[in-house]
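**Student:** Predicted model and sequence below, questions to follow.
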Amino acid sequence: MLQELLGALAALGSVGVVYFAMAARVVKQYERGVLFRLGRVTSNVREPGLNLVIPFVDRLHKVNMQIVTMPIPAQEGITRDNVTVRVDAVVYFRVVDSVSALVKVEDYKFAVSQMAQTSLRSIIGKSDLDDLLSNREKLNQGLELMIDSPAVGWGIQVDRVEIKDVSLPDAMKRSMARQAEADRERRARIINADAELQASKKLAEAAQQMADTPTALQLRLLQTVMAVAAEKNSTLVLPIPVELLHFLERGQQQDRGQQEERGQQELAPHADGGPSSG
């Protein structure tokens, strides 16, 4: 009788162990458990830790609540200004309602991926090439809004969307490079012309000053001679400006005028004495 009782207890214990092994479910910290009982979702979402279910009656599905990083494959499209580009991006999202993520959509990751690809193609068609290259922050916000709007009903929250790279055709790259080079050359020419204008104004002021003071031109010429002679050159080529010739010519005319005045003064006494002696 005792042996039969011990055998029954052992069998009952074995059944209990097997039942516990079949009923025990462990939900990790970053997961939530959605329990289906006879095909119907129960209202209680199982929290992390040890959870017990009814074998053959309950089915527990675990949903990852971590942020998912999903790359969006490169999408080819034509921008609003008729430029063919290939754009790829990355979307960051997470599950906020585990029940909706399982019940309302068959595969929420695949659904988010397809929605992201179609939204990216739509953004490409609505944007200009300059916006894709320089105004990505605004495009990222618009893309995030387009993906997040339908995903809210699936229990998904889109945290961030980033455009990674914009690939252009080789012909467009060469055209943009030529355009950038031409723009840089234009700016360089404008700077050189502005420098020439400022230099010409200063030279005009210097020429006006030298015209008012002819001696300044001679001093400047002597300074130039000294600067060239300091290089220890064996040959010195000295340009003579026309103003210096005019200056020397005026000096010669003044000298001739003074000589003529002296000659007339010397002849004047002789002319007065001649008639008185006769």
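**Tutor:** Received the coordinates, thanks. Numbers count the residues shown, from 1 in each chain.

**Student:** which SSE is residue 178 in?
**Tutor:** In this assignment (DSSP states H and E), residue 178 forms part of helix 170-212.

**Student:** quick one: the helix or strand just after that helix to helix 170-212, angle?
**Tutor:** Next helix or strand after helix 170-212 toward the C-terminus (DSSP H and E): helix 214-229. Interaxial angle of helix 214-229 relative to helix 170-212 (axes from the mean of the first three to the mean of the last three C-alpha atoms, to 10 degrees): 130 degrees.

**Student:** Could I get the phi/psi values of residue 75?
**Tutor:** Dihedral angles of residue 75 (phi, psi; degrees, to the nearest 10) stand at phi -110, psi 130.

**Student:** same check, this time on the one 4 residues further on
**Tutor:** Taking degrees, to the nearest 10, you get phi -70, psi 180 for the backbone angles of residue 79.

**Student:** in terms of contact, does it touch residue 122 like I think?
**Tutor:** No. In this structure, residue 79 is not within contact of residue 122 by C-beta atoms under 8 Å, at 11.9 Å. Just so you know, the C-beta spots here come from the backbone N, C-alpha and C atoms, and that holds for glycine as well.

**Student:** Which one of the two is surrounded by more residues?
**Tutor:** Counted by other C-beta atoms under 10 Å, residue 79 and residue 122 do not tie: residue 79 has more neighbours, with 20 against 15.

**Student:** Just want to check the distance between that one and residue 145.
**Tutor:** Distance, residue 79 to residue 145, by C-beta to C-beta, to the nearest Å: 20 Å.

**Student:** you'd agree residue 33 is in a strand?
**Tutor:** Yes. Assessed with DSSP: H, G, I helix; E, B strand; the rest coil, residue 33 lies in a strand.

**Student:** Give me the contacts around stretch 75-90.
**Tutor:** Residues from elsewhere that reach stretch 75-90, judged by C-beta atoms under 8 Å, 6 or more residues apart in numbering: 69-74, 116-117, 120-121, 123-129, 132, 143, 161-169, 172.

**Student:** Would you check the distance separating the helix or strand where residue 114 lies from the middle of the chain?
**Tutor:** For residue 114, the host element (DSSP H and E) is helix 108-126. Taking C-alpha atoms, centre = their mean, to the nearest Å, one finds helix 108-126 lying 25 Å from the centre of the chain it belongs to.

**Student:** next one: stretch 22-30
**Tutor:** 48 Å.

**Student:** Mind listing what's buried along that stretch?
**Tutor:** For stretch 22-30, burial by neighbour count (16 or more other C-beta atoms under 10 Å) applies to 25, 27.
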